[in-house]
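Undergrad: Fold the following and give me the result.
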Amino acid sequence: MHQLDTNRSPRFFPLFFMVMVLVGQINTTPYVGLDVQSVIRPIESMPASPKTCQVFFVTEPSGYAIGDKNTDARYRQNVEAMLIADHINLPTINGLSSFSPPDWDFSEEPQATYMDRVYHYVQAHHIDNICQYTIKNYTWETDPFSEKLQ
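TA: Below you'll find the predicted structure:
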């Protein structure tokens, strides 16, 4: 009968484990290359929100884009809104979560229906004193749905 060499086996497993950990660190996906300052600079230089605003939503994002239209449409303006909300300490209806409400649809695309989707959400949830912040132009609108109410 052949006996297992107990002195050699225990050394093999830690070595195997370390090799597997190192192999797991190999990343073949392209580097995103996020320039943090290009994302933060517009937020830090934005004008103060009007005093009447109790909540806001954003339009026309101008920040970082990764180039994937579907990803950019869903994430870009919503992430920018969350960063702005954190910076100015004002709630936003934009944003991202693991579970979105069934009527929450603030993807940037299709752009032609974005304001209608925001308007219906605001009406359905009885949100008052909402403002629109246009990221690209650094402008606030205190009555973004005035034309719909006339």
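Undergrad: okay, CA-based contacts and neighbour counts for the rest of this
TA: Will do.
Undergrad: where do the strands sit along this structure?
TA: 55-59, 130-134, 139-141 (DSSP state E).
Undergrad: which other residues reach the shortest one?
TA: When contacts are taken as Cα atoms under 8 Å, 6 or more residues apart in numbering, the neighbours of strand 139-141 outside the stretch itself are 47, 49-50, 131-134.
Undergrad: ok, now which ones touch the spatially most central residue of the chain?
TA: In the chain, the residue lying closest to the centroid (Cα atoms, centre = their mean) is residue 79, at 2.4 Å. Applying Cα under 8 Å, 6+ apart to residue 79 gives the contacts 95-96.
Undergrad: let's go with 7 Å and repeat that
TA: Applying Cα atoms under 7 Å, 6 or more residues apart in numbering to residue 79 gives the contacts residue 95.
Undergrad: Please convert the strands of the chain to TSV, extending it with mean pLDDT and distance to residue 24.
TA: Below are the strands of the chain laid out as TSV (pLDDT from 0 to 100; distance: least, Cα to Cα, whole Å):
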stretch	mean pLDDT	distance to residue 24
strand 55-59	94	39
strand 130-134	95	43
strand 139-141	94	46
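Undergrad: re the thing from before, name the member of the contacts of strand 139-141 with the most neighbours.
TA: Neighbour counts for those, by other Cα atoms under 10 Å, peak at residue 133, which reaches 24 neighbours.
Undergrad: For the longest helix seen in the chain, C-alpha coordinates in CSV please.
TA: In the chain, with assignment by DSSP state H, the single longest helix is helix 69-88. Provided in CSV are the C-alpha atoms of helix 69-88 (Å, rounded to 0.1, in the frame of the first residue of the first chain):
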residue,chain,number,x,y,z
LYS,A,69,-26.0,54.7,-25.6
ASN,A,70,-28.2,52.4,-23.4
THR,A,71,-26.0,52.8,-20.4
ASP,A,72,-25.5,56.5,-20.8
ALA,A,73,-29.3,57.0,-21.3
ARG,A,74,-30.1,55.3,-18.0
TYR,A,75,-27.3,56.3,-15.8
ARG,A,76,-25.7,59.6,-16.9
GLN,A,77,-28.3,62.2,-15.9
ASN,A,78,-29.5,60.1,-12.9
VAL,A,79,-26.1,59.8,-11.5
GLU,A,80,-25.4,63.5,-12.1
ALA,A,81,-28.7,64.3,-10.3
MET,A,82,-27.6,62.2,-7.3
LEU,A,83,-24.2,63.9,-7.1
ILE,A,84,-25.9,67.3,-7.3
ALA,A,85,-28.5,66.4,-4.7
ASP,A,86,-25.7,65.4,-2.3
HIS,A,87,-23.8,68.5,-3.0
ILE,A,88,-26.6,71.0,-2.5
